[in-house]
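Enquirer: From the sequence below, what's the structure:
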Amino acid sequence: MRSAGCAINDYADRDFDKHVLRTKERPLTSGKISKKEAISIAVGLALIAFLLLQPLNTLTKQLSVFAVVIAGIYPFTKRFFSMPQAVLGVAFGFGIPMAFAAIQNGIPIEAWILFIGNVFWVIAYDTAYAMVDRDDDIRLGLKTSAITFGRFDVTAVSICYGVLFASQIWIAELAQLSKWFYLGWIAALGCAIYELRLITTRKRDACFKAFLHNNWLGASLFIGILLGLLLK
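Expert: Residues are numbered from 1 along each chain as shown. Presented below is the predicted three-dimensional model:
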């Protein structure tokens, strides 16, 4: 579904991407593939995802309907919604309640805490991503969180990271993870501080580097949770 979303996003942005320095060579907007090919890939991948749902329970299938709708809507929200990154966060994070529903046939409070933390994390790193293209997006009349936050962009990203790290502590306490969890948490915090220092420059390359560096932040949190579960 993540790949299907990327295909739909490039289809939706095909007329804008050609005017943005970073995206003008993407396969669809540069003419390397056709609109029909992009749609076919998106539909094909969504159908594969649909097949993967079949062994799961009814609740998970019901939730998947919303997940597909929000994934399809997101690429078009930057035309009218001032915070499309929040919609992206919902699309990316909705696998969390779906995973709990698939295993427990219900959605406990832990799932929603993880979900909310994930939404704020997506807003944080995708704002850094949007800062790369801010000048181009303003010129094209698009809406992003980087434009909406304006000169408070770094502060807003800091707050979003704060919500993420607070949600992780809350989850660790609810799940009774061992103190080893905090090794990963502290490493992830270090990643966030480094990324904030990068975007403070507001330079294209630095902001894009901060966006990509979130792989390490996520890996650190994952390792922390794993340690917290295994070393009790």
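Enquirer: Quick check: phi and psi on Asn105?
Expert: With angles defined as degrees, to the nearest 10, Asn105 sits at phi 60, psi 30.
Enquirer: Is it correct that it is in contact with Leu59?
Expert: Yes - using Cβ atoms under 8 Å, Asn105 is in contact with Leu59, at 6.0 Å. For every residue, glycine as well, the C-beta is placed using N, CA and C.
Enquirer: how near is Ile193 to Arg2?
Expert: Between Ile193 and Arg2 the computed distance is 27 Å (Cβ to Cβ, to the nearest Å).
Enquirer: Then Trp170?
Expert: Distance from Trp170 to Arg2, counting by Cβ to Cβ: 26 Å.
Enquirer: Tell me which of Asn105 and Leu59 has more neighbours.
Expert: Using other Cβ atoms under 10 Å as the criterion, Asn105 and Leu59 rank with Leu59 on top: 17 against 12.
Enquirer: quick one: the more buried one and Gln104, what's the gap?
Expert: 9 Å.
Enquirer: and if you look at Gln62?
Expert: 15 Å.
Enquirer: where's the helix or strand of the chain at the bottom of the mean pLDDT ranking relative to the chain centroid, distance-wise?
Expert: Lowest by mean pLDDT, DSSP states H and E among the helices and strands of the chain is helix 14-17, with a mean of 84. Centroid displacement of helix 14-17 relative to its chain, using Cα atoms, centre = their mean, to the nearest Å, is 21 Å.
Enquirer: other SSEs contacting the helix or strand following it?
Expert: For helix 14-17, the succeeding helix or strand toward the C-terminus, using DSSP states H and E, is helix 35-53. Packing partners of helix 35-53 (3 or more Cβ pairs under 8 Å, 6 or more residues apart in numbering; DSSP states H and E): helix 2-12, helix 58-77.
Enquirer: Nearest to Phe165 among the ones you listed would be which one?
Expert: helix 2-12 (23.9 Å; Cβ to Cβ).
Enquirer: Would you mind getting the angle between the closest one and helix 58-77?
Expert: Here helix 2-12 runs at 30 degrees with respect to helix 58-77, directions being taken by axes from the mean of the first three to the mean of the last three Cα atoms, to 10 degrees.
Enquirer: Measure how buried Met98 is and give me the count.
Expert: 22.
Enquirer: How about Ala188?
Expert: Counted with other Cβ under 10 Å, Ala188 comes out at 24.
Enquirer: same question, the one 5 residues further on
Expert: By the criterion of other Cβ under 10 Å, Ile193 has 12 neighbours.
Enquirer: Contacts only, for it.
Expert: Counting by Cβ atoms under 8 Å, 6 or more residues apart in numbering, Ile193 touches no other residue.
Enquirer: what pLDDT does it get?
Expert: Note on Ile193: pLDDT of 98.
Enquirer: so which strand or helix has it?
Expert: Using DSSP H and E, Ile193 sits in helix 181-200.
Enquirer: I'd like to know which elements the very next helix or strand once past that helix is packed against.
Expert: Once the chain leaves helix 181-200, the next helix or strand it forms, by DSSP H and E, is helix 204-230. Here helix 204-230 touches helix 109-132, helix 153-174, helix 181-200, going by 3+ Cβ pairs under 8 Å, 6+ apart.
Enquirer: between the first one and helix 204-230, how many degrees?
Expert: Regarding helix 109-132 and helix 204-230, their directions subtend 160 degrees when assessed with the same axes, to 10 degrees.
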